[in-house]
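In: coords below, sequence missing:
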C-alpha cells in the first residue's frame, strides 16, 4: 500500500462518528467483515473466509472483494468529514490481481486526496502467505461529501 | 440499456454450462440474487430487498450493487465461452447514479465486445417506479477467458 | 451508442456557451479534432487521421482516443450547466475495443445521468468500414459542475 | 508513488526494445513528452508546458494527462515483455486530483502486478511547487501482452 500522508480529521469525534456509521451498516454484519482500525482518512479491516463467500471455483467472490474495498474506502472517507456530513460512493474501480484463497482476508485503505466536495480513495484486499502479503485486488474510488 | 447486438454462442450447451456455474456460486445464493434469463452474451436477474442488504442509510449497499453487476456481466461472459473455459473478472468500474430504495432490484447486461482473450461487458442495476425504470448503477468490466 | 434520453438545457444559450469553451481550448485545435454537433447533453465530433496521431504500430494513439472521449463528454456536460458554471473531469475510464486504423475517426457521446453536482457521461470513438461502424473505444466519466 | 517492488526483466535487451517502441511513437514526439528513465517495469518522463497543451482555462488538458499516463504505463509494460512481444492498453482509469498549472510536468509509473497475459500498471502526473510534489492525476490500467 502506498505510504499515505498523515491527514487531519475535520471532526474531533471522527472515530465515534465513523463507528456509528459502521454500526448502522447491516451488510457489513451479514458479510462478517470487521473494521479493526480507524485513523483520520484511513481504515483497516478483516474477514474470516467462509463457504458462503465462495464464487464458482471456491475462491473469494469478486463482489465481496469489491464490497470490502467500498467499505474500507467509504469509512475512511467518513473519518474525514465534518460532523453530520454524509459520504456516498460516486464511482469505484477494482483491479483483480490474484485469486483469493485463504482462511482470512485483510484490507486497508484510505483517502489519497481529500477535498471539500469529494475524497479520492484507494484500498487493497490481501491475505498472508507466511509473512508475505498477497494482493487479491486493488481499488480506487471517488467519494462524494454531502 | 444499450440495445446489444445479437451474439452467437460458441458452446451449443451455453445455457447448461452457465447454469452449472451459477449453481456452484455460493455467494449468489447467500445474497438471494437470482439469474432469470440467459441468452448468448446476455443475462438478467433480480433480488428482493431485505434488511441485511442495507447500508447505513437503509439503501441498497453499494457492494451488493457491484456484486450484482459482477454476476450479470460474469455469467453473460460464461455464456460466450467454449465448453470447459473459465471466466475471471480482470477489472470492473461502477458508477452510482441514484440511491437504491425499492422492494426489488433488477439487473441486465452482457458482452458488448466479445474476444478470444477477453470479453468487454456492461450491465445496469435498476428498480421500477411505476412503469419507469430508475437506474441505480451502471458498470463496465473486462472479463478474461481462460 | 445507447439511445440517450432527450435532455433539457439549463442555459438557453447552451450552444454559444459550449462553443465559446471549445474556441478557448488550444489542444483541440492542435489535435485537429472538430466538434460537429451540439445538443443539450450531447455532442459529436470528427478528426482526420494523420501521421502525428500514430502510436508505435501506426494505429490511432490511445491517448488521442482518450482525449477525444474527454472532449466529447466534457463539452456535452458544458451544454448541460447554467451560464457561467464550469465543468471539470473528476475521473474517466476508457475501454479499448479495437485498434484504430482509418482515414477518419468519429466520436459521439453525452450525459447519461445529469445532476446538480456532477454529470455522469459516456462516449464512443468509432470509424466507418463501408456502412458499418467499428467501435475503437468506449469511455465513461464523472464531470463535476462548479 | 507507491514504492514499487523491484522487477526482473524477461528480455535482457528490455531497454533497447522499449526505446525502439518509443522512437516509433509519433504522438509522443508531437506532444513533446520525453521518457527520461527506463528500468524493468518502471519509467519516468517529463514535458515542458506550452500553449498548445492548454484546455479552456489555461490548464494542462486532461487528454494530455491521460496520454502521458498511458505512455508511462505502456512503456513500463514494454520493459517487462519478451523480445518481439507487443503491449496494448485494454483499459485505463484516470482520477484528476488537482488542476495542472506549471512550467513543466513530470510522470512516473510502472507495473504493479506483472503477468503472462497482462500487466496491471499505475502512474502519476505531477509538478513541483518548490520542493513539494503536487499530484495532478493518478491512473491505473490493464496492459495486454501479446
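Out: Alright, I've got the coordinates. Predicted model only: the values in this text are computed from it and were never measured. Residues are numbered from 1 along each chain as shown, chains lettered A, B, ... in the order given.

In: For residue A:139, give the beta-bridge partners.
Out: residue A:94, residue A:123 (DSSP bridges).

In: So residue A:17: helix, strand or coil?
Out: What DSSP: H, G, I helix; E, B strand; the rest coil gives for residue A:17 is helix.

In: who's in contact with it?
Out: A:11, A:78, A:79, A:81, A:83 (C-beta atoms under 8 Å, 6 or more residues apart in numbering or on different chains). In this view, the C-beta of every residue, glycine as well, is placed from N, C-alpha and C.

In: before we move on, what about residue A:138?
Out: Residue A:138 is in contact with A:94, A:95, A:97, A:122, A:123, A:124, D:112, D:120, D:140, counting by C-beta under 8 Å, 6+ apart.

In: next one: phi and psi at the most centrally placed residue in chain A?
Out: Note on chain A: the residue nearest the mean C-alpha position is residue A:72, at 1.3 Å, using C-alpha atoms, centre = their mean. Residue A:72 adopts backbone torsions of phi -60, psi -40, taken as degrees, to the nearest 10.

In: So it sits against residue A:123, correct?
Out: Yes. Look at residue A:72 against residue A:123 with C-beta atoms under 8 Å: they come within range, at 4.3 Å.

In: buried stuff in the helix or strand bottoming out on mean pLDDT in chain A?
Out: Lowest by mean pLDDT, DSSP states H and E among the helices and strands of chain A is helix A:26-31, with a mean of 92. Using 16 or more other C-beta atoms under 10 Å in any protein chain shown as the test for burial, helix A:26-31 gives A:26, A:27, A:28, A:30, A:31.

In: So the last one versus residue B:67, what's the distance?
Out: Yep, that's residue A:31 we're talking about. When distance is defined by C-beta to C-beta, to the nearest Å, residue A:31 is 10 Å away from residue B:67.

In: anything in contact with each of those two?
Out: Contacts common to residue A:31 and residue B:67, judged by C-beta under 8 Å, 6+ apart, are A:64, A:67.

In: can you count the residues close to residue A:52?
Out: A total of 15 residues lie near residue A:52 under the criterion other C-beta atoms under 10 Å in any protein chain shown.

In: Confirm that it sits in a strand.
Out: No. Counting by three-state DSSP, residue A:52 is not found in a strand; it is helix.

In: Read off the pLDDT value for it.
Out: Residue A:52 is assigned 90 on the pLDDT scale.

In: One more: residue A:57?
Out: 88.

In: Same check on residue A:7?
Out: 95.

In: Next, the contact list for the nearest residue to it once chain neighbours are set aside, please.
Out: The shortest distance from residue A:7 to any non-neighbouring residue, by C-beta to C-beta, 6 or more residues apart in numbering or on different chains, is to residue A:41 (3.7 Å). Residue A:41 makes contacts with A:4, A:7, A:9, A:76, A:77, A:79, A:80, A:110, A:111, A:114, A:119, as judged by C-beta under 8 Å, 6+ apart.

In: what are the ranges of the helices in chain A?
Out: A:14-24, A:26-31, A:62-78 (DSSP state H).

In: Go ahead and name everything in contact with the second one.
Out: Residues lying outside helix A:26-31 but in contact with it, judged by C-beta under 8 Å, 6+ apart, are A:22, A:34-35, A:47, A:53, A:64, A:67, A:71, B:51-55, B:61, B:63-64.

In: give me the subset of those touching chain D.
Out: Subset of the contacts of helix A:26-31 in contact with chain D: empty, counting by C-beta under 8 Å from any C-beta of the partner chain.

In: near chain B, which residues of chain A show up?
Out: Residues of chain A lying near chain B (C-beta under 8 Å from any C-beta): A:21-22, A:24-27, A:29-31, A:51-57, A:61-64, A:66-68, A:70-71, A:74, A:86, A:88-96, A:99.

In: Sort out which of those are buried, if you could.
Out: A:21-22, A:25-27, A:30-31, A:53-56, A:61-64, A:66-68, A:70-71, A:74, A:88-96.

In: Give me every residue in chain A lying close to chain C.
Out: Near chain C, when you scan chain A using C-beta under 8 Å from any C-beta, you find A:90, A:91, A:93, A:117, A:118, A:142, A:144.

In: if we look at chain D, which of these are close to it?
Out: When contact is defined as C-beta under 8 Å from any C-beta, these meet chain D at A:93, A:142.

In: And the furthest pair within the residues of chain A next to chain C?
Out: A:93 and A:117 (19.4 Å; C-beta to C-beta).
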